[in-house]
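*Asks:* Predicted coordinates and the sequence they were generated for:
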Amino acid sequence: MKYKELLERFTRLESRLDFLEKENKKLVEENIFLKERLTFYENPKNSRNSSMPPSKDENRPKPNQSLRKSSGKNPGGQQGREGKTLEMATTPDVVVELQPDYCRNCGSSLKNKQAIKEKSRQIVDIPAIKAVFTEYQTFSKICSCGCQSISEFPKGVDTPVSYGERIESLIAYFHTRQYLPFARMQEIFNGVFNINISQGGIHYLLNRFSDKVTPVYQIIKQRVANSKEVGSDETGVKINGDKHWFWTWQTPKLTFIAHSQNRKGDTIKTLFPLGFPNSTLIHDGWKPQINTVAKNHQTCLAHLQRHLNYLNQLHLNNKWGNAFLKLLLSSLKLKKNMKPQDYIQNIERVKIIQDLTYLLDNPPDKKHKKLYTFYKRMCRERQYIFTFLFIEKVPSDNNASERAIRNVKVKQKVSGQFKIEKAAQNFAKIRSVIDTTIKNGTNVLESLTLIAKFETQIIN
C-alpha cells in the first residue's frame, strides 16, 4: 500500500476517532443527566424529607426516614406512671337512695328498720339543653313635680329579641376552635340547643365578636413584638378561589396570626414596621423572614435535616451532605445536654463551629446541583444556623410556629375555603386569642365568653 493511501486512511481513522470521542463524551454526560433524573423520580419529596405537608404524600413515606430517633422504650404507657380513670364526685347533684322495702327471706316489711349504707355508684350525664329567655321590661314613674321618668334598657339589649354573649362565644368557639362550617353550626343550635338561628345570624354574631376581640388581638401583637424569642411561619389559603396567605408570629405564651394577600416582605413591614430589634427571630429561611430586622436569627434545623435527607437520597454516597447532617445532629445532642453556664463558654460548641467552617470552606462537587445550591444557601445563612447554641431559650427548630399556623389548614380541610377577606380576618383574630388562651392554660370557652361580655355586660 502506498504511503499516500496510508496517510489518507490514517486521517480518516483519526477523524473517526475524534467523532467517537465526542459522541462518547456526549453519551456519558447524557447518562449522568438521566441517572440524576432517575434518582429524582426514585426519591420524590415527601413530608419526611422536605417541608411538604403529609396530606400531599403520594404514598406513605418509608418508616426509616423520620427525624425522630428511637428512645428504646416500649410503646404505650411506661411502667410506674399513674393511671387516670373516671372519678366519683364527692358532692353529687342528685342522690337516689335504694332502700329495701321487704325481707328477701321471709317477706316481712323493712320500712321501719334502720338502713345501713353499703355501696355507691354514680352516673354522669348532661341535662336536657334548653334556651333561657330573659325579658327586660322598662317602667315609668311620675314624680310629684309632674315629671315622668322612664327606665332605660341595659347596654346590649338593643332590639326586641337578640342573642346573648354565651351564644356569641359558642359560635366563635365552634367556628375557630372546632372548625365547624356555618351549616353544621346552624344544625347544632337548631337540633341540640333548640335555638332557631340562620346562617346570616351566625355571620352577624361572628363579626360582632371579632370587633370585641380586636383590642385583645392588638395587645397580643404588641407583646409578641417585644418578646425576646419569636417564631414565624406562613401558609397559603384560598379565599373565594384566590390564593392568599396567613402569617404567624408566636412565643411560648402568645400567638399572633394575620391574613395577607401576599407572601412578600411588605406584609412584615406593614404589621411590624420596626421589625424585632430586641428579639431572636426563628424561621424556615424564607427570604422576607431573613431580611426582617431582628437582634438575632435562627434557621429551623428540622427543615435543614429534612432537606438533607432528600439530598442524600438524591446524591448517594456524597460525603459533604452526610457530614453536614451529622454536624446538625451533634449540635442537637449538645443543646439537649447544655446547662445555663454552658452558654458562656463551651468547648464542644467551638468544635461544632470549626466543623461548620471546614464544611463551608470545602464545598461539595458542583455536579450535584441541588446539593451545591444547598451549600450556597448555608454560606449565606452560616451565622443563623447555630444561634440556639449561644442563647438558652432559643429553640433549634420552628415547629411551634408550624403548630400555630397548622390550624388554618385544618379549618380549610373541614370547612372549605373562606368566601371573603373579612371571614379570614375574623378567623385570624379569634384564633390568635384561642391559641394564646391554650398556651396560658386557661379554659377556651370561658375566655371567649368573658370577651363576649365586652360592651354587653349588664349593670344592675
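*Replies:* Perfect, I can see it now. Please read these numbers as outputs of a predicted model, since none were measured by experiment.
*Asks:* which residues are in contact with stretch 403-421?
*Replies:* Residues from elsewhere that reach stretch 403-421 (CB atoms under 8 Å, 6 or more residues apart in numbering): 53, 55, 176, 179-181, 231, 233-235, 237-241, 244, 246-248, 250, 255, 257, 259, 424, 427, 431, 435. To be clear about C-beta, it is placed using only N, CA and C from the backbone, and glycine gets the same treatment.
*Asks:* one more time with 7 Å
*Replies:* With contact meaning CB atoms under 7 Å, 6 or more residues apart in numbering, stretch 403-421 is reached by 179-181, 233-235, 237-240, 246, 248, 250, 255, 259, 424, 427, 431, 435.
*Asks:* So which of those are in helices?
*Replies:* If you go by DSSP state H, the contacts of stretch 403-421 have 424, 427, 431, 435 in helices.
*Asks:* now, which of those residues sits nearest residue 161?
*Replies:* residue 427 (27.7 Å; CB to CB).
*Asks:* OK, contacts around that closest one?
*Replies:* 176, 411.
*Asks:* Now which of the ones in helices among the contacts of stretch 403-421 would you call buried?
*Replies:* Buried members of those, counted by 16 or more other CB atoms under 10 Å: 424, 427, 431, 435.
*Asks:* what's the neighbour count on the residue nearest to the last one when sequence neighbours are not counted?
*Replies:* In this case it means residue 435. In space, and not counting its chain neighbours, residue 435 is closest to residue 255: 3.6 Å by CB to CB, 6 or more residues apart in numbering. Neighbourhood size, residue 255 [other CB atoms under 10 Å]: 27.
*Asks:* quick one: residue 255 and residue 225, what's the gap?
*Replies:* 13 Å (CB to CB, to the nearest Å).
*Asks:* mind listing the helices for the stretch 251-400 of the chain?
*Replies:* 265-271, 287-290, 301-314, 319-337, 347-361, 369-380, 399-415 (DSSP state H, counting those that start in this stretch).
*Asks:* Please identify the deepest-packed of these.
*Replies:* Mean neighbours per residue, mean count of other CB atoms under 10 Å, is largest over the helices of the stretch 251-400 of the chain for helix 301-314, with a mean of 21.
*Asks:* just to revisit the earlier point, farthest pair within the ones in helices among the contacts of stretch 403-421?
*Replies:* Across those, the longest distance by CB to CB is 16.0 Å; it joins 424 and 435.
*Asks:* returning to what we had before: can I get the buried ones among the ones in helices among the contacts of stretch 403-421 in a markdown table including pLDDT and distance to residue 452?
*Replies:* Formatted as a markdown table, those follow (pLDDT from 0 to 100; distance: CB to CB, whole Å):
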| residue | pLDDT | distance to residue 452 |
| --- | --- | --- |
| 424 | 94 | 21 |
| 427 | 96 | 17 |
| 431 | 97 | 16 |
| 435 | 97 | 18 |
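*Asks:* which residue is nearest the middle of the chain?
*Replies:* residue 403 (1.9 Å; CA atoms, centre = their mean).
*Asks:* Next, the angle helix 399-415 makes with the longest strand along the chain.
*Replies:* As assigned by DSSP state E, the longest strand anywhere in the chain is strand 229-239. Counting by axes from the mean of the first three to the mean of the last three CA atoms, to 10 degrees, strand 229-239 lies at 20 degrees to helix 399-415.
*Asks:* Let the chain start at 805 from now.
*Replies:* I'll keep to 805 as the first residue from here, and by that count the last item is strand 1033-1043.
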